[in-house]
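**Q** Provided below are the primary sequence and the corresponding predicted coordinates.
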Amino acid sequence: MRTSAAVAKASSRLVKIAELAALLQRVTLAEVDIAVAFLSGELPHGRIGIGASVIREAKPPSAASSPVLSLIEVENVFEQIARTSGRGSSGDRVRLLRDLLTRATADEQDFLVRLVVGELRQGALEGVLIEAVARAGRASPAAVRRAVMMAGALPPVARALIGEGESGLAHFTVQMFRPVQPMLAHTAVDIHEALTTLEQDVALEWKLDGARIQVHKAGDEIKVFSRNLRDVTSAVPDVVEAAQALRAHDVILDGEVIALRADGTPETFQRTMQRFGRKLDVNRLRAELPLTPFFFDCLYLDGVSLIDQPQAERFGTLGEIAPRTIMPNVVRPTLEEASRFVDSTLQRGHEGVMVKALTSSYAAGRRGQQWLKVKLAHTRDLVVLAAEWGHGRRRGWLSNLHLGARDPVNGGFVMLGKTFKGLTDQMLGWQTERLLQLEVARDDYTVYVRPELVVEIAFNDVQGSPHYAGGLALRFARVKRYREDKSPAEADTIDTVRDIYAAAATPLDSPQR
């Protein structure tokens, strides 16, 4: 708790790293992963069903005079709360939390409350924590960052490094049935900008509005993981069947799955995602809404990791393994050929193209400049900060959304405007229920929420605005879909919005472009 306060007050990145590293060297080995999770503002078991009403009931009238709690004790209580379910569970959660807070000092109470409701804002961003873990374990930040990409999370990496030294990082490599974080892409305004930015051999692929998947196949055993590394195998038997036909014994493929209409045009993203939300009647839904997988990368083949190989070699391997399910593409196109490929892709109803440098390795978990996405309209994944009650036909529903982009420098989110457009009645009902669960405060018109819900917003352009602290606002913003597969830490940054504004203000023939 004292370290959290010190990190929050420090303006220097180096001071933050030093404070965090010193703490990680003081705690016991059994507490390292818990400390890293808490300092990240996360709970090892995820959200535990604690909302504002439970906090109000559980908050004791007084606090302990001196600290007695250990990290392990606190985490054990959180684990009990997470397991509590069924009749009377709300009261049990209140009791467990009250007992914990009664034993905490006033400062500890404040820290724990902000932790469980997701409001811990202390400047300990993942990049800072990675460097702190590296310093505490006497390893290079690059080695720790790579291990995190393979593990999917920082806490287990921190525990292995501090417990075993740098040799402990060897545990975190590409392994069958342990999904790795997917490589992500930056956005380019158009195909010309994408080709100019990369300035090298590239391949273009369809950009689908589907669901990211990672398929692991070891002989007859097959598992399918979602973008957030959740096992979704039981929901997608059509993907499993496609994987059975792959020409490899042990293989890990990256790809996208989408529901297509009879004419080959794509269903909406919401329709595709219906297949991931059902645990019952999977076969019936499969008949009504079949899924088609498209693979675009090969990460592992018969005992060998391929992520450090160039994109061109991985793509060649993929073509041999999955010739019938490979993502449609064109390799080393001229600008004219690339433009025709974009037009053809859009005519088929897809949202754009991916442009990939053929020399690039697979940067798991990172949004690298070697993959660029080009869409017809601007879209950004933003976070809902608040919502206003609707009027007229929308009375009783939370409608007008306050939208924020992630601030990677100062933490938190920068508001970019509001929108109520693009919302169906079904979405209005769902978002009202969800946002009320995230409520932290309200006034006569607005419900303010924890910044946890990510929404994909389409918009025409960006304009300067004196009404918002960031000085920018989205024009003609509308809701495209909710991104429950993304966390707030994966939302787009304010810098990506500034780039759009700067590009629009710069003439096309300017040497600055």
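**A** Looks like it came in fine.
**Q** buried residues in stretch 378-392?
**A** Buried positions in stretch 378-392, judged by neighbour count with 16 or more other C-beta atoms under 10 Å: 378-390. Every residue, glycine included, has its C-beta placed from N, CA and C.
**Q** Make TSV from those residues and add pLDDT and secondary structure to it.
**A** Below are these laid out as TSV (pLDDT from 0 to 100; DSSP: H, G, I helix; E, B strand; the rest coil):
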residue	pLDDT	secondary structure
378	84	strand
379	89	strand
380	94	strand
381	95	strand
382	97	strand
383	97	strand
384	98	strand
385	97	strand
386	97	strand
387	97	strand
388	96	strand
389	95	strand
390	92	coil
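**Q** Max pairwise distance over these: which two?
**A** The two members of the buried residues of stretch 378-392 with the most space between them (C-beta to C-beta) are 378 and 389, at 28.3 Å.
**Q** Please tell me how far residue 257 sits from residue 328.
**A** Counting by C-beta to C-beta, to the nearest Å, the gap from residue 257 to residue 328 is 15 Å.
**Q** between the two, which one's more packed in?
**A** Between residue 257 and residue 328, counted using other C-beta atoms under 10 Å, residue 257 has the larger neighbour count: 25 against 15.
**Q** The closest residue to residue 421 other than its chain neighbours pairs with what?
**A** Sequence neighbours aside, residue 478 is the residue nearest to residue 421 in space, at 3.9 Å (criterion: C-beta to C-beta, 6 or more residues apart in numbering). Partner residues in beta bridges with residue 478, using DSSP bridges, are residue 458.
**Q** and which of the buried residues of stretch 378-392 is nearest to residue 356?
**A** Ranked by distance to residue 356 (C-beta to C-beta), these are led by residue 379 at 19.2 Å.
**Q** My read is that the closest one contacts residue 481, right?
**A** No - applying C-beta atoms under 8 Å as the test, residue 379 and residue 481 come out as separate, 9.6 Å apart.
**Q** Any regions of the protein where pLDDT drops low?
**A** 120-124, 278-279, 504-513 (pLDDT under 70).
**Q** domains of it?
**A** 2-171, 184-375, 378-505 (automatic domain parsing).
**Q** Show me the one of those that comes nearest residue 177.
**A** Residue 177 lies closest to domain 184-375 among the domains of the chain, at 5.1 Å (C-beta to C-beta).
**Q** Determine how far the last residue of the closest one lies from the first.
**A** One end of domain 184-375 sits 15 Å from the other (C-alpha to C-alpha, to the nearest Å).
**Q** all helices of the stretch 101-250 of the chain, in order?
**A** Assigned by DSSP state H, counting those that start in this stretch, the stretch 101-250 of the chain shows helices spanning 106-116, 126-136, 141-151, 155-164, 191-198, 237-244.
**Q** CA atoms of the fifth one as PDB?
**A** Taking Å, rounded to 0.1, in the frame of the first residue of the first chain, the C-alpha atoms of helix 191-198 are listed here in PDB:
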ATOM      1  CA  ILE A 191      -3.400   1.700 -48.600                       C
ATOM      2  CA  HIS A 192      -0.900   4.300 -49.900                       C
ATOM      3  CA  GLU A 193       0.000   5.300 -46.400                       C
ATOM      4  CA  ALA A 194       0.400   1.600 -45.400                       C
ATOM      5  CA  LEU A 195       2.800   0.800 -48.300                       C
ATOM      6  CA  THR A 196       4.700   4.000 -47.700                       C
ATOM      7  CA  THR A 197       5.100   3.300 -44.000                       C
ATOM      8  CA  LEU A 198       6.500  -0.200 -44.400                       C
END
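**Q** just checking, what packs against that helix?
**A** Applying 3 or more C-beta pairs under 8 Å, 6 or more residues apart in numbering; DSSP states H and E, one finds that helix 191-198 makes contact with helix 335-347, strand 352-357, strand 367-375.
**Q** Can you tell me what sits against the last one?
**A** Contacts of strand 367-375 with the rest of the structure, by C-beta atoms under 8 Å, 6 or more residues apart in numbering, involve 183-191, 193-194, 197-198, 207, 311, 342, 351-357, 359-360, 363.
**Q** how about the nearest residue to the residue of the chain positioned farthest from its centre, chain neighbours excluded?
**A** Ranked by distance from the centre of the chain (C-alpha atoms, centre = their mean), the top residue is residue 65, with 39.9 Å. Closest residue in space to residue 65, ignoring its immediate chain neighbours: residue 105 at 7.3 Å, by C-beta to C-beta, 6+ apart.
**Q** Number of residues surrounding residue 49?
**A** When neighbours are defined as other C-beta under 10 Å, residue 49 has 14 of them.
**Q** Just list the residues touching the residue nearest to it when sequence neighbours are not counted, thanks.
**A** Spatial nearest neighbour of residue 49, excluding adjacent residues (C-beta to C-beta, 6+ apart): residue 93 at 6.2 Å. Contacts for residue 93 (C-beta under 8 Å, 6+ apart) come out as 48, 49, 50, 54, 58, 81, 84.
**Q** how near is the first one to residue 83?
**A** The reference is to residue 48. The span separating residue 48 from residue 83 equals 9 Å under the rule C-beta to C-beta.
**Q** Out of these two, name the residue with the larger neighbour count.
**A** Using other C-beta under 10 Å, the more surrounded residue of residue 48 and residue 83 is residue 48, with 19 against 11.
**Q** Identify the residues contacting the more buried one.
**A** Per C-beta under 8 Å, 6+ apart, neighbours of residue 48: 78, 81, 82, 93, 116.
**Q** which residues of the stretch 401-513 of the chain fall in helices?
**A** Secondary structure of the stretch 401-513 of the chain (DSSP H, counting those that start in this stretch): helices located at 425-437, 494-505.
**Q** what does the last one rub up against?
**A** In other words, helix 494-505. Identification of contacts with helix 494-505 by C-beta under 8 Å, 6+ apart yields 186-187, 189, 193, 378, 380, 405-408, 414, 416, 461-464, 470, 472, 474, 513.
**Q** Buried residues in it, which are they?
**A** 494, 496, 497, 498, 499, 500, 501, 503.
**Q** Could you dump those residues into JSON lines and include distance to residue 230?
**A** Listed next are these as JSON lines, based on distance: C-beta to C-beta, whole Å:
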{"residue": "494", "distance to residue 230": "29"}
{"residue": "496", "distance to residue 230": "26"}
{"residue": "497", "distance to residue 230": "29"}
{"residue": "498", "distance to residue 230": "33"}
{"residue": "499", "distance to residue 230": "31"}
{"residue": "500", "distance to residue 230": "31"}
{"residue": "501", "distance to residue 230": "35"}
{"residue": "503", "distance to residue 230": "36"}
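**Q** what's the offset of whichever strand or helix holds residue 299 from the middle of its chain?
**A** Residue 299 belongs to strand 291-301 when elements are defined using DSSP states H and E. In terms of C-alpha atoms, centre = their mean, to the nearest Å, the centre of strand 291-301 is found 20 Å from the chain centre.
**Q** Could you identify the helix or strand that succeeds it?
**A** strand 304-305.
**Q** Name the residues that touch that following strand?
**A** 173, 174, 299.
**Q** Compute the inter-axis angle for the helix or strand that that strand is followed by and strand 352-357.
**A** Moving toward the C-terminus from strand 304-305, the next helix or strand (DSSP H and E) is helix 311-321. Angle, helix 311-321 to strand 352-357, by axes from the mean of the first three to the mean of the last three C-alpha atoms, to 10 degrees: 120 degrees.
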